[in-house]
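Student: prediction below, plus the sequence it came from.
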Amino acid sequence: MLTGNIRSARKSSCAHFNLWDVFATGAFADDDEDRDGIAAVARERGSRLLGNELRGEEIVVIGDTPLDIRCGRAIGAKVLAVATERFRWRS
């Protein structure tokens with residue numbers, strides 16, 4: 001799990017739907033101020049959990065903001081953008 005929210009806020013919202021325990025690891029706003037940095041932390045933790053370095057093409061970032069798309073690209077991940085709001089893309 002990768003999110004721009006702090007761990008406690010995400011845990012609270014995921015617990016409501018019994019989703020918190022579905023994710024073995026994650027990275028949160030408490031880990032880095034920059035979303036790209038959070039993505040790097042998530043990749044590092046996933047690599048440690050699996051015991052080998054994850055390559056970008058093995059990772060999928062699903063997001064609904066331009067920041068989500070950018071952070072996925074920053075670590076070379078595949079990105080699935082979901083339109084939930086209206087955004088104007090600026091690279």
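Tutor: Everything's here; your move. Numbering: from 1, shown residues only.
Student: give me the phi and psi for Leu49.
Tutor: Main-chain torsions, Leu49, degrees, to the nearest 10: phi -60, psi -40.
Student: what about the residue nearest to it when sequence neighbours are not counted, neighbour count?
Tutor: Counting by Cβ to Cβ, 6 or more residues apart in numbering, the nearest residue to Leu49 once its immediate chain neighbours are dropped is Thr25, at 5.2 Å. Placement of C-beta: from N, CA and C, glycine included. Counted with other Cβ atoms under 10 Å, the neighbours of Thr25 add up to 15.
Student: cool, Ala83 as well?
Tutor: Using other Cβ under 10 Å, the number of residues around Ala83 comes to 7.
Student: identify the residues contacting it.
Tutor: Ala83 makes contacts with Asp64, as judged by Cβ atoms under 8 Å, 6 or more residues apart in numbering.
Student: kindly state the pLDDT recorded for it?
Tutor: Confidence per residue is given as pLDDT, and for Ala83 that number is 85.
Student: so is it in a helix, a strand, or just coil?
Tutor: The three-state assignment at Ala83 reads coil, by DSSP: H, G, I helix; E, B strand; the rest coil.
Student: surely Arg35 touches Ile69?
Tutor: No - using Cβ atoms under 8 Å, Arg35 makes no contact with Ile69, being 10.0 Å away.
Student: those two: which has the busier surroundings?
Tutor: Taking neighbours as other Cβ under 10 Å, Arg35 and Ile69 compare with Arg35 leading, 23 against 19.
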